[in-house]
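Visitor: Coordinates for the following, if possible.
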Amino acid sequence: MTDDDLVPVSVRLGEVVPPEDPEDWTRPLTWVAALGMLAGPLVTLGWFVAAAPGDARNLLPGTIIVAASLAGGAAATGATQQGAARAGTATLGAGLFGALVIVILGVVAASERQVGQASPTLAHATAAAAGGLAGAALAAVVATLVARLRSRVVRFGAALPVGVAVGVLAARAVMG
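Guide: Residues are numbered from 1 along each chain as shown. Here you go, the predicted model:
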């Protein structure tokens, strides 16, 4: 057996063939997972486009809503997965991804660079991302514990309130 025998024929011939079972975007769970990862960033984008915050010092309802949507979306993503390891990592991964995008949106929406204090969009995006990520982390623990349950709705129902509650409390603590 030569080294060429270990390389698939399609690659040797210069044509890469997609896998037989690629991610199927016609399946509802794929959409639930994708929308769960994007819930926090989409809410943030809507908030910053509709009425961006003008004050960086006070906690706003938008900050709480973004933190809750980040943690809730991460819980939804984790509930789509089978097995404890996948449920926990999907929940935490969705939270990390969402938090990063939220902070990036805060930077992009900052109208000008300010010295000595953060722009309101960055301050609220950071507080919401930190709070939502804390909620997603605890939701990941719950998702791992309930992963053996058969019903995705029950798994989501267990992780959602924990994630949202912790996310809201953590965002308040960051801004308070």
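Visitor: Now do the phi/psi pair for R27.
Guide: phi -80, psi 130 (degrees, to the nearest 10).
Visitor: What count of nearby residues applies to it?
Guide: Neighbours of R27 under the rule other C-beta atoms under 10 Å: 11. C-beta: built from backbone N, CA, C; applies to glycine.
Visitor: what does V153 give?
Guide: 9.
Visitor: Contact partners for it?
Guide: Residues near V153 by C-beta atoms under 8 Å, 6 or more residues apart in numbering: A79.
Visitor: In this structure, where is pLDDT below threshold?
Guide: Within the chain, the stretches with pLDDT under 70 are 1-25, 112-117.
Visitor: could you pull out the helices for it?
Guide: 3-6, 9-12, 28-51, 61-79, 84-109, 120-145, 152-175 (DSSP state H).
Visitor: Go ahead and measure how far the fourth one is from the middle of the chain.
Guide: Right, helix 61-79. Chain-centre distance of helix 61-79: 8 Å, with C-alpha atoms, centre = their mean, to the nearest Å.
Visitor: Give the buried residues for it.
Guide: Buried residues in helix 61-79, counted by 16 or more other C-beta atoms under 10 Å: 62-79.
Visitor: tell me the most buried of the helices of the chain?
Guide: helix 61-79 (a mean of 28; mean count of other C-beta atoms under 10 Å).
Visitor: What is that one packed up against?
Guide: helix 28-51, helix 84-109, helix 120-145, helix 152-175 (3 or more C-beta pairs under 8 Å, 6 or more residues apart in numbering; DSSP states H and E).
Visitor: Columns distance to N58 on top of those helices, output as CSV?
Guide: Below are these laid out as CSV (distance: least, C-beta to C-beta, whole Å):
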stretch, distance to N58
helix 28-51, 15
helix 84-109, 16
helix 120-145, 10
helix 152-175, 8
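Visitor: Contact partners for the nearest residue to A71 once chain neighbours are set aside?
Guide: Once flanking residues are discounted, A71 sits nearest to G135: 3.0 Å by C-beta to C-beta, 6 or more residues apart in numbering. Residues near G135 by C-beta under 8 Å, 6+ apart: 67-68, 70-71, 74, 95, 162-168, 170.
Visitor: Just list the residues touching P41, thanks.
Guide: Contact partners of P41, counting by C-beta under 8 Å, 6+ apart, are 98, 101-102, 105.
Visitor: List just the nearest of these to L149.
Guide: G98 (24.3 Å; C-beta to C-beta).
Visitor: how close does the residue nearest to the closest one when sequence neighbours are not counted sit to G167?
Guide: Nearest in space to G98, with sequence neighbours left out and distances taken as C-beta to C-beta, 6+ apart, is G40 at 4.0 Å. Going from G40 to G167 by C-beta to C-beta, to the nearest Å gives 9 Å.
Visitor: For those two, list the residues in contact with both.
Guide: 67, 70-71, 132.
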